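Novice: the following comprises the amino acid sequence and a computationally predicted model.
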Amino acid sequence: GAGATANNSGFTSGNPAAPDGAQVGFIQLTGSIQQTVTFASGTYTINAQAAQRGNFGSQNQVVDVYVDGQKVGSFAPSGTAYSAVNTNPFAVTDGAHTIQFVGLVNVGDSTLLIDNITVSTTPLIAAKTTYLIERKTGDQVFSEVAVLDDALSYVDDGLTAGTTYTYRIKARTYAGDSDY
């Protein structure tokens, strides 16, 4: 089953008070809770405070979180104190979408308590490119002479006339470094 229960009830007497208010949601065995929410297009995460039921010895509950039937994460807190849980980022289009929390553990009285559920936007990773420029003369070792963010050119001042310089450049993005 699933539903709402008050602080210090038959479900919550072994747990601290609800993090936000006087009641929490519970998901027992293979119960589920769902809600339809209207989103603007974007990338989001679902966040909550969750705890295992503390007043009845049972196996820990795991709750999968779905958006429109697609799994976006699992909540599996390890203790009876409320702790922060969150999903992976997920993208949606404008419109109504169904969020569902589904219990997985169908043993004993496995129950997860959940409170303070929020949906947060996830900032997009900026498409920043940093360039590392290194230089050497002759048989010397390369040394870094500049680090440039999103630059398309570089002027190396203070060079000695008649000296041959060798350069190498590496690009760095959120995905990693390029070869030289």
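Specialist: All right, it came through fine. Residues are numbered from 1 along each chain as shown.
Novice: neighbouring strands - and their directions - for the host helix or strand of Ile99?
Specialist: For Ile99, the element it lies in under DSSP states H and E is strand 95-103. Strand 95-103 has its sheet partners listed here by DSSP bridges as strand 32-39 (antiparallel), strand 63-67 (antiparallel).
Novice: what are the pairing partners of the helix or strand following the longest one, and which direction each?
Specialist: Beyond strand 32-39 in the direction of the C-terminus, DSSP H and E gives the next helix or strand as strand 42-52. Sheet partners assigned to strand 42-52 using DSSP bridges are listed as strand 83-86 (antiparallel), strand 90-92 (antiparallel), strand 111-121 (antiparallel).
Novice: want to throw those strands into a markdown table with mean pLDDT, mean neighbour count and distance to Ser9?
Specialist: From N, CA and C alone the C-beta is placed, and that goes for glycine too. Below are the strands paired with strand 42-52 laid out as a markdown table (pLDDT from 0 to 100; neighbours: other C-beta atoms under 10 Å; distance: least, C-beta to C-beta, whole Å):
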| stretch | mean pLDDT | mean neighbour count | distance to Ser9 |
| --- | --- | --- | --- |
| strand 83-86 | 93 | 16 | 20 |
| strand 90-92 | 91 | 17 | 33 |
| strand 111-121 | 93 | 19 | 10 |
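Novice: and of those strands, who's closest to Asp177?
Specialist: Closest approach to Asp177 among these (C-beta to C-beta): strand 90-92, 27.0 Å.
Novice: re the thing from before, make TSV out of the strands paired with strand 42-52 and add distance to Phe26.
Specialist: As requested, the strands paired with strand 42-52 are exported to TSV (distance: least, C-beta to C-beta, whole Å):
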stretch	distance to Phe26
strand 83-86	15
strand 90-92	24
strand 111-121	5
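Novice: please consider this matter closed, and thank you.
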